[in-house]
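Engineer: fold the following and give me the result.
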Amino acid sequence: SVHLIVNQNDASNHCGRTKLLPQLSGGLGLLLYVLISFSRKKNIQKSTSCAAKIPLQRLKPFPIHQTASILNIIMLANSRSKMAILSLIVYGLFLRQVDAFSLRPAGVASPLPTSSISRFADQQVEEKKQLRRPIDSRHTTTLRAATASEGIPPHTIQILMSDTGGGHRASANALRDALDVLYPSQFAVDIVDIYTDYGPFPYNQYVPAYKIMAEYSFLWDWFYHFGATPLGLALNEFFLDVFCFEPFKECIGRCTPLGADVSAADAKSQGCQTTGRRADMVVSVHPLCQDETLKILSYLDSNGKSKDGKDRTKTPFVTVVTDLGGAHPTWFNPGVDKCYVPSDALYKAALDREVKPDQIVEYGLPIRKGFWSERKDETAAGEEKKEKGLFANIFGKDDNSGAADADSASSGKKSKEELREELGLVQGVPTVLIVGGGDGMGGIVEQARAVGKKLNDDADTRSVTSNDPEFQMVVVCGKNENAQKQLEADDWGKGVNVEVKGFVYNMDEYMRASDAIVTKAGPGTIAEASICGLPCMLSSYLPGQEAGNVPYVEENGFGTYSGDPTVIADTVSSWLETPEKLEMMQKAALEAARPAATLDIAKDIAEYLFERKGISSS
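Structural biologist: The predicted structure follows:
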């Protein structure tokens, strides 16, 4: 049954309507449930030119009480929001039946056969590479332009994001930290979840809605691909204009808060110390923060005279794309000043959306501070480890411990042996790290059990009399406490040492202490794993933007994909049993790594702001 809750204060004004709403909600709930159930049965195998053999993940059943709950929320919305949401749902389900959501090649974002740029994208990628900043450039300059007075930094940047997945906030925090390292006390950075903090209903429900759609991935599948159609893009722009222009204008026009511990409520109400002016520059790290932001900045810069991007004369606006192998069309708007992309695939996607080559800069993905490069020659220093022997290089075991310590000291980072000692891990055995993301999603229990059993069986086949484990597995469950309890209660056998963790803040140390990783195909984890030289066994991906990450890993030669726990276990076992193959994949991972990307992006953003303000940075 469907239970409708009506605000008592409005009861007298909605007396007649509330008599009909439960029946209407129940009928629509039944209709929607039937449509969804029918659409799931089709489960059409989709493919792209880059990932033709990647199957869609198995879809979980969608319980009717979830459908009813969603409809109750819809019924409580105002009439315009209600009709918009219901129209999108019905139209999306209809399009799913006729298979209108065909996937484009990985990384190509545009749903339209737009301009001639599409036909010559590959040629332009090669011809325009000289317009990008060299990948080897590093953070060598510091700010000499201005000094802070009265404790207020002279420069302010607002970073727009939404917590739909952990990667957007992580990237925003990484950029803030990089600016603080490169230009101490010179920047006040205002990170704001613009949809949650300022969006009206239903936009302020993006985060919980995303979590539901991520759990039932068929919902995200059609939502993502409908949003990439011409109609979806037009509807998104229209409804953002109607419902979000004014509240988002309040956000972008607010004075920049000062202090790292300012709550979202205090920042919104301006009940905290501020700079007294709005941000000098706006940065987007979310796909839905481009179009409306450009219109609002134009409106503010022209004192309310125009929303045309050409009238944005004062405030620079840049996009930092936080997807890796594929991206939604809304990431790319030709009106931005700069668009930072992490890969060649997204460089092509930006061109396909008519962003000009001189607007596009390719550095890599902004990642957490623990993974930043500290030396230009770090990779070269890693190559020198080959002299210690193959097995010692891979598993951190060597008779010549003095040489290992010297190499670790010269690289400025702790060795694998030192990290395992600090983390309480067994020394000198092949180690696999299994992660489920911050939310612990992705079937981590089944994967860990399959891998643990396989490794213990492999150890039993060896003619070893010692009681020491032959393998090691570290499982990081994130916030999934239920998974952590289940795995901690398991008996793994003496052949494999198993460490089960919850949410950890030192993921960089666990990665550097491991030899391979099992993870969902999140862009941040893949980028971080490649920096640590970890072969990646991808276990799941979210349809849409994460699908392109699978061919990215496979084509760069440092991993593969399977959603089957048995296949995952067999693959990981084959890697750990073959040091030569593992070393080859580790080299490929390091070659794909962009460890200085965060610092390079932050430096480029700062220098562009100095240029626009007429300040020298040298």
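
Engineer: Asn497: how many residues sit nearby?
Structural biologist: Using other Cβ atoms under 10 Å, the number of residues around Asn497 comes to 20. All C-beta atoms are positioned from the backbone trio N, CA, C, and that covers glycine.

Engineer: ok, His328 next?
Structural biologist: For His328, the count of nearby residues is 20 (other Cβ under 10 Å).

Engineer: give me the element Lys485 is part of.
Structural biologist: Using DSSP states H and E, the element containing Lys485 is helix 481-488.

Engineer: just the buried residues of that helix, please?
Structural biologist: Buried residues in helix 481-488, defined by neighbour count with 16 or more other Cβ atoms under 10 Å: 483-484, 486-487.

Engineer: show the average pLDDT along that helix.
Structural biologist: Averaged across helix 481-488, the pLDDT comes to 93.

Engineer: which residues sit against that helix?
Structural biologist: Residues from elsewhere that reach helix 481-488 (Cβ atoms under 8 Å, 6 or more residues apart in numbering): 436, 440, 444-445, 448-449, 475, 477, 498, 500-502.

Engineer: and those as TSV, adding pLDDT, secondary structure and distance to Ile531?
Structural biologist: Conversion of the contacts of helix 481-488 to TSV gives the following (pLDDT from 0 to 100; DSSP: H, G, I helix; E, B strand; the rest coil; distance: Cβ to Cβ, whole Å):
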residue	pLDDT	secondary structure	distance to Ile531
Gly436	80	coil	20
Gly440	48	coil	23
Ile444	93	helix	23
Val445	94	helix	28
Ala448	96	helix	24
Arg449	96	helix	29
Val475	96	strand	21
Cys477	92	coil	23
Val498	96	strand	26
Val500	96	strand	25
Lys501	94	strand	21
Gly502	93	coil	24
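
Engineer: got any ranges where the protein has weak pLDDT?
Structural biologist: Along the chain, segments meeting pLDDT under 70 span 1-150, 374-412, 437-442, 463-465, 617-618.

Engineer: run through the helices of the stretch 251-400 of the chain in chain order.
Structural biologist: Along the stretch 251-400 of the chain, counting by DSSP state H, counting those that start in this stretch, helices occupy 264-269, 291-301, 344-352, 378-383, 390-395.

Engineer: let me see the ranges of the strands in the stretch 401-550 of the chain.
Structural biologist: Taking DSSP state E, counting those that start in this stretch as the test, the strands found in the stretch 401-550 of the chain are 431-435, 471-476, 496-501, 516-519, 536-538.

Engineer: for Asp457, find the nearest of those.
Structural biologist: In terms of Cβ to Cβ, the element of the strands of the stretch 401-550 of the chain nearest to Asp457 is strand 496-501, at 9.3 Å.

Engineer: that closest one pairs with which strands, parallel or anti?
Structural biologist: As defined by DSSP bridges, the strand partners of strand 496-501 come to strand 471-476 (parallel).

Engineer: and the angle for the partner strand with helix 481-488?
Structural biologist: 160 degrees (axes from the mean of the first three to the mean of the last three Cα atoms, to 10 degrees).

Engineer: test my guess that Asp490 contacts Arg449.
Structural biologist: Yes: with contact defined as Cβ atoms under 8 Å, Asp490 counts as touching Arg449 (6.8 Å).

Engineer: determine the number of other residues adjacent to Val426.
Structural biologist: Neighbour count of Val426, defined by other Cβ under 10 Å: 15.

Engineer: pick out whichever of Asp490 and Arg449 has more residues nearby.
Structural biologist: Arg449 (17 against 14).

Engineer: Provide a list of residues in contact with that one.
Structural biologist: Counting by Cβ under 8 Å, 6+ apart, Arg449 touches 487, 490, 565.

Engineer: if we use 6 Å, what do you get?
Structural biologist: Not one residue lies near Arg449 by Cβ atoms under 6 Å, 6 or more residues apart in numbering.

Engineer: gap between it and Ala489?
Structural biologist: The spacing between Arg449 and Ala489, counted by Cβ to Cβ, to the nearest Å, is 11 Å.

Engineer: widest-spaced pair of the contacts of helix 481-488?
Structural biologist: Every pair of these checked by Cβ to Cβ; the farthest is Arg449 and Gly502, at 17.7 Å.

Engineer: make CSV out of the contacts of helix 481-488 and add distance to Lys416.
Structural biologist: Formatted as CSV, the contacts of helix 481-488 follow (distance: Cβ to Cβ, whole Å):
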residue, distance to Lys416
Gly436, 23
Gly440, 26
Ile444, 24
Val445, 27
Ala448, 22
Arg449, 26
Val475, 19
Cys477, 23
Val498, 19
Val500, 21
Lys501, 18
Gly502, 23
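
Engineer: what's the closest of these to Thr519?
Structural biologist: When the contacts of helix 481-488 are compared against Thr519 (criterion: Cβ to Cβ), the nearest one is Gly436, at 8.1 Å.

Engineer: let me see the contact set for Asp337.
Structural biologist: Asp337 neighbours (Cβ under 6 Å, 6+ apart): 316-318.

Engineer: quickly note the distance from Leu219 to Ser373.
Structural biologist: The spacing between Leu219 and Ser373, counted by Cβ to Cβ, is 39 Å.

Engineer: sorry, slip of the keys, the one I care about is Gly151.
Structural biologist: From Gly151 over to Ser373 the distance is 32 Å, taken as Cβ to Cβ.

Engineer: before we move on, what about Phe558?
Structural biologist: Going from Phe558 to Ser373 by Cβ to Cβ gives 18 Å.

Engineer: quick one, which of the two is more surrounded?
Structural biologist: Phe558 (26 against 20).

Engineer: surely Asp190 forms part of a helix?
Structural biologist: No: counting by DSSP: H, G, I helix; E, B strand; the rest coil, Asp190 falls outside a helix, being strand.

Engineer: correct me, but it touches Gln158?
Structural biologist: Yes: counting by Cβ atoms under 6 Å, Gln158 is a contact partner of Asp190 at 4.5 Å.

Engineer: Ile159: which element?
Structural biologist: According to DSSP H and E, Ile159 maps onto strand 155-161.

Engineer: residues making contact with that strand?
Structural biologist: Applying Cβ under 6 Å, 6+ apart, the contact partners of strand 155-161 are 168-169, 172, 186-191, 194, 256, 275, 279-286, 289.

Engineer: what does stretch 428-435 give?
Structural biologist: Contact partners of stretch 428-435, identified using Cβ under 6 Å, 6+ apart, comprise 395, 397, 448, 471-476, 510, 514-519, 572, 576.

Engineer: buried stuff in it?
Structural biologist: Residues of stretch 428-435 classed as buried: 428-435 (neighbour count, 16+ other Cβ under 10 Å).
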